[in-house]
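Enquirer: next comes the sequence, and after it the predicted model I'd like to discuss.
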Amino acid sequence: MKNETVIKIFLVDDDAFFLKSLEIDFLQHSDPIDIGFEVETYSTGELCVKNLSNNPDIIILDYHLDGIDKNAMNGMDTLDKIKTFNQNIPVIMLSSQDKIEVAVNCMHHKASDYVIKSETAFMRLQKIISTILLHQKMQNELSWYMDRM
């Protein structure tokens with residue numbers, strides 16, 4: 001049986017090992033009946049922004065993106081460009097930074113959530129994505145009912 005819902009996720013991280021690991025986690029944890037994940041990976045913010053026309057449902061974005069190129073666009077600049085392109089794309093910031101100031105700054109720039117890179121990051125991302133999808137479903141249903149009143 002084929003997935004009824006396919007969620008397109010952009011993963012953006014300059015750490016090739018972490019990026020591949022996260023991609024594998026998402027592809028292995030697709031539910032064969034209900035939800036599947038289509039994953040596109042990018043090593044720079046520039047590549048992510050260039051491909052926004054591929055219409056991601058959710059973007060998971062590294063806070064620091066200067067591991068490959070010190071002059072590369074950082075995560076916050078990438079987040080701002082994503083939100084300029086489409087403010088409704090949920091962006092989850094991901095970082096090894098565990099400072100509250102960094103998380104608050106991300107939220108001020110309209111990130112949907114902030115996750116610290118750790119061995120439990122994937123589980124946390126799964127929960128956040130489930131919450132985002134539930135919220136979107138409720139918003140769509142509410143809009144449908146309001147249109148009929």
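Expert: Perfect, thanks for sending it.

Enquirer: so after the helix or strand hosting residue 7, what's the next helix or strand?
Expert: For residue 7, the element it lies in under DSSP states H and E is strand 5-12. Helices and strands here follow DSSP H and E; after strand 5-12, the next one along the chain is helix 16-28.

Enquirer: could you point out which element follows that following helix?
Expert: The helix or strand immediately downstream of helix 16-28 is strand 35-42, counting by DSSP H and E.

Enquirer: the strand holding residue 7 pairs with which strands?
Expert: strand 35-42 (parallel), strand 58-62 (parallel) (DSSP bridges).

Enquirer: mean pLDDT lowest for which of those strands?
Expert: Mean pLDDT per stretch puts strand 35-42 lowest among the strands paired with strand 5-12, at a mean of 90.

Enquirer: mind picking out the helix or strand in this structure with the poorest mean pLDDT?
Expert: Lowest on mean pLDDT, DSSP states H and E among the helices and strands of the chain sits helix 121-147, with a mean of 88.

Enquirer: picking up where we left off before, okay, the strands paired with strand 5-12, which one's buried deepest?
Expert: Burial of the strands paired with strand 5-12 is given as mean neighbour count (mean count of other Cβ atoms under 10 Å); strand 58-62 ranks first at a mean of 25. Where C-beta positions appear, they are placed from N, C-alpha and C, glycine not excepted.

Enquirer: contacts for that one?
Expert: Residues from elsewhere that reach strand 58-62 (Cβ atoms under 8 Å, 6 or more residues apart in numbering): 7-15, 22, 45, 48, 75, 78-79, 82, 89-95, 111, 125, 129, 132.

Enquirer: what subset of the residues you listed is buried?
Expert: 7, 9-15, 22, 45, 48, 75, 78-79, 82, 89-95, 111, 125, 129, 132 (16 or more other Cβ atoms under 10 Å).

Enquirer: how about residue 43, phi and psi?
Expert: The phi/psi pair for residue 43 (degrees, to the nearest 10) reads phi -90, psi -10.

Enquirer: now do the phi/psi pair for residue 98.
Expert: According to degrees, to the nearest 10, residue 98 has phi -110, psi 30.

Enquirer: which residue, other than its chain neighbours, is closest to it?
Expert: In space, and not counting its chain neighbours, residue 98 is closest to residue 116: 5.1 Å by Cβ to Cβ, 6 or more residues apart in numbering.
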